[in-house]
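Chemist: next comes the sequence, and after it the predicted model I'd like to discuss.
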Amino acid sequence: MDLAAFFASEFAEHRDTVARAEANLGPAFAGLVKACVQSIKGGGKILFFGNGGSAADAQHLATELTIRYRKDRAPIAAIALTTDSSSLTAAGNDLGFEQIFARQIAALGRAGDVAIGISTSGNSPNVLAALKEARAMKLVTVGFSGRTGGKLPPLCDHALLVPSDTTARIQELHIMLGQMLCGALEIELGLVPQV
């Protein structure tokens, strides 16, 4: 294996994905930020969920909002639906794995909250079920996905689809977009000065 060539190729693909995302996702990102600001100002919250690496992103982003991102400031209401092992295992056992997030949306979600489902394929049954539940309950529905977004876009008020066929590049851009969301919310909510 030519490690130098591999290293260069990975960076080249990442740069290309970033450039295409920057060219295509600006309006969707602006819509997402506006929806989240409106929700938080109205006393709502942001609910994140996904599987595997996307579950890790959900936890990461909820923590950035509730604790801090750039500077110490007032908390922003956010929950990762991936962290309560008792709820996840009870729902998985009693209701089926497909319902692990939808059940929590039904319990914790309120009209005007923002539900952000993260799925690189856009076809994760439990993410889709949660977005359907969120939409029925009049939450703002958001999807982070890649490629064409699979079955996810029709369930979303705002869909951010990373223009790549490579799972790793999609995941890299999901966390980048998520952290950009955290930074934008801090500024738009007047919690930190614009840099």
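Modeler: Sure, I can see it.
Chemist: what's the neighbour count on residue 136?
Modeler: Residue 136: 12 surrounding residues under other C-beta atoms under 10 Å. All C-beta atoms are positioned from the backbone trio N, CA, C, and that covers glycine.
Chemist: quick one: contacts for it?
Modeler: Going by C-beta atoms under 8 Å, 6 or more residues apart in numbering, residue 136 touches no other residue.
Chemist: relative to residue 109, how far out is it?
Modeler: 10 Å (C-beta to C-beta, to the nearest Å).
Chemist: same thing with residue 183?
Modeler: From residue 183 over to residue 109 (counting by C-beta to C-beta), the distance is 25 Å.
Chemist: wait, what's in contact with residue 174?
Modeler: Listed by C-beta under 8 Å, 6+ apart, the contact set of residue 174 reads 54, 57, 118, 120, 144, 162.
Chemist: ok, now with 7 Å
Modeler: 57, 118, 144, 162 (C-beta atoms under 7 Å, 6 or more residues apart in numbering).
Chemist: which among the residues you listed gets closest to residue 170?
Modeler: Nearest to residue 170 among the contacts of residue 174, counting by C-beta to C-beta, is residue 162 at 4.5 Å.
Chemist: bridged to that closest one, which residues?
Modeler: residue 146 (DSSP bridges).
Chemist: count of neighbours near it?
Modeler: By other C-beta under 10 Å, the residues close to residue 162 number 26.
Chemist: roughly how far apart are it and residue 145?
Modeler: In terms of C-beta to C-beta, residue 162 sits 7 Å off from residue 145.
Chemist: next one: residue 33
Modeler: Distance from residue 33 to residue 145, by C-beta to C-beta: 18 Å.
Chemist: those two: which is more packed in?
Modeler: Shown here are residue 33 and residue 145; by other C-beta under 10 Å, residue 145 has more neighbours (28 against 18).
Chemist: do a quick rundown of the helices in the chain.
Modeler: Ranges of helices in the chain, per DSSP state H, are 3-24, 26-41, 53-66, 85-94, 102-108, 125-136, 167-188.
Chemist: would you turn these into TSV with distance to residue 194 and mean pLDDT?
Modeler: Putting these into TSV (distance: least, C-beta to C-beta, whole Å; pLDDT from 0 to 100) gives the following:
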stretch	distance to residue 194	mean pLDDT
helix 3-24	19	98
helix 26-41	13	98
helix 53-66	18	98
helix 85-94	38	98
helix 102-108	32	98
helix 125-136	31	98
helix 167-188	5	98
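Chemist: closest one to residue 77 among those?
Modeler: Nearest to residue 77 among those is helix 26-41; the distance by C-beta to C-beta comes to 6.4 Å.
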